[in-house]
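Peer 1: Fold the following.
(2 chains)
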Amino acid sequence: MRIYLNDDMHEVSPGTLAAALETLGFGGRKIATAVNGRFVAAAARPRTELADGDRIEVVAPMQGG
Amino acid sequence: MSSFYGVELKSRLLLGTSRYPSPAVLERAVKASGAEVVTVSLRRESGTGRAGQAFWSLIQSMGVRVLPNTAGCHSVKEAVTTAHMARELFDTPWIKLEVIGEADTLQPDVFGLVEAARILSEEGFEVFPYTTEDLVVAERLVEAGCRVLMPWGAPIGSARGLNNVYGLRSMRAHFPDIPLVVDAGLGVPSHAAAAMELGYDAVLLNTAVAEAGDPVEMARAFALGVEAGRAAYLARPMEPRDMAVPSTPVIGKAALGD
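Peer 2: Residues are numbered from 1 along each chain as shown, chains lettered A, B, ... in the order given. Predicted coordinates:
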């Protein structure tokens, strides 16, 4: 199925957010996530099933003022 | 000692981490500033990127407390979701809440700010709202649960100093028990000193240090400015007056004229 991660389209197997993140290289990284504009806590990623067309945001610490 | 949600800080300078020429300069500037709190943010990262992880390692090595922001958020929903992500990422209930309302001045959308502050406070966040010097908005923010207020000195990154000294002074008078931080718009240490002389509890700045010719030296200069302003406030400055008053006594002056 197709998902959009930070606006980039990816083809992934149907499954959870945790699985998709692992596949796309985010395993073990310090990140926070949202799906379709809703925050998904790290603990909830393994039970968050993705659907075709879902929009995922992945953010990491960054400099800020 | 001012308390920010129960945390007492020795340094009254809060420093941003953005726009430095290099991570090494950032690290030295934070050290030179004496800041115990630095602001941080969160941005998209790809599966192959490592910038965020490297930045986080650097911040952790400095042993400072972090104040994550919601910079760039233009809606309540965006700001609230960003705050949720920041709380998990940085493991802190502190959030510098920005809801931007105007692109040219980066003026806060104070209506959205109050709404977001209420939602986040009810969820247990400790909100540091980036606001204006408007007293009515400030009242609403306190009602919403904010125990710190951060009015702007001038638009973010403008280096204009304190645009509305009267407004900032009024705010200090109206909220004697709420920690107040001038956030944004400072350009030189005298601006920071002026804010502290008004009785503000702290200042928060970033660009004035990061974009100085020598950020490390400017960080040190701001630390001195903040310290001088605070000491002056505690020393109770004299009131200005319209006419001159000789500082040297006239009595006893030698009679040398005609």
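
Peer 1: Run the contact check for stretch B:13-27 versus chain A.
Peer 2: Yes: using CB under 8 Å from any CB of the partner chain, stretch B:13-27 comes into contact with chain A via B:16-20, B:26. Placement of C-beta: from N, CA and C, glycine included.

Peer 1: JSON lines for those, including pLDDT?
Peer 2: Written out in JSON lines, the entries for the residues of stretch B:13-27 next to chain A read as follows (pLDDT from 0 to 100):
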{"residue": "B:16", "pLDDT": "97"}
{"residue": "B:17", "pLDDT": "97"}
{"residue": "B:18", "pLDDT": "96"}
{"residue": "B:19", "pLDDT": "96"}
{"residue": "B:20", "pLDDT": "97"}
{"residue": "B:26", "pLDDT": "97"}
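
Peer 1: which of those residues has the most neighbours?
Peer 2: Neighbour counts for these (other CB atoms under 10 Å in any protein chain shown) peak at residue B:16, which has 31 neighbours.

Peer 1: Next to chain A in this structure, residues from the stretch 1-150 of chain B, please.
Peer 2: Contact residues (CB under 8 Å from any CB) of the stretch 1-150 of chain B with chain A: B:16-20, B:26, B:39-49, B:51-53, B:55-56, B:59, B:68-69, B:71, B:77, B:81, B:84-86, B:88-90.

Peer 1: So which of the residues of stretch B:13-27 next to chain A belong to helices?
Peer 2: Within the residues of stretch B:13-27 next to chain A, membership in helices is found for residue B:26, as judged by DSSP state H.

Peer 1: quick one: residue B:133 and residue B:168 touch, right?
Peer 2: Yes: in terms of CB atoms under 8 Å, residue B:133 counts as a neighbour of residue B:168; the distance is 5.4 Å.

Peer 1: Give the residues shared as contacts by these two.
Peer 2: Each of residue B:151 lies in contact with both residue B:133 and residue B:168 under the rule CB atoms under 8 Å, 6 or more residues apart in numbering or on different chains.

Peer 1: Okay, and the residue most central in space within chain A sits in which element?
Peer 2: Closest to where the C-alpha atoms of chain A average out (CA atoms, centre = their mean) is residue A:56, at 4.7 Å. Counting by DSSP states H and E, the secondary-structure element that holds residue A:56 is strand A:55-63.

Peer 1: right, is that strand up against chain B?
Peer 2: Yes: contact of strand A:55-63 with chain B (CB under 8 Å from any CB) involves A:57-63.

Peer 1: re the thing from before, do you know how far the residue nearest to the centre of chain A is from residue A:44?
Peer 2: Using CB to CB, to the nearest Å, we find residue A:56 at a distance of 13 Å from residue A:44.

Peer 1: what does residue B:143 give?
Peer 2: From residue B:143 over to residue A:44 (counting by CB to CB), the distance is 32 Å.

Peer 1: What of residue B:31?
Peer 2: Applying CB to CB, the value for residue B:31 to residue A:44 is 38 Å.

Peer 1: and the helix or strand harbouring residue B:39, which strands flank it?
Peer 2: Remark: residue B:39 resides in strand B:37-44, with elements defined by DSSP H and E. According to DSSP bridges, the neighbouring strands of strand B:37-44, each with its direction, are strand A:55-63 (antiparallel), strand B:13-16 (parallel), strand B:65-68 (parallel).

Peer 1: Just the C-alphas of it, formatted as CSV.
Peer 2: Only the C-alpha atoms of strand B:37-44 are listed here, as CSV (Å, rounded to 0.1, in the frame of the first residue of the first chain):
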residue,chain,number,x,y,z
VAL,B,37,17.7,26.5,29.9
VAL,B,38,17.9,26.3,26.1
THR,B,39,15.1,26.3,23.6
VAL,B,40,14.9,23.5,21.1
SER,B,41,12.5,22.5,18.4
LEU,B,42,11.5,19.5,16.3
ARG,B,43,11.5,19.1,12.5
ARG,B,44,11.0,16.4,9.9
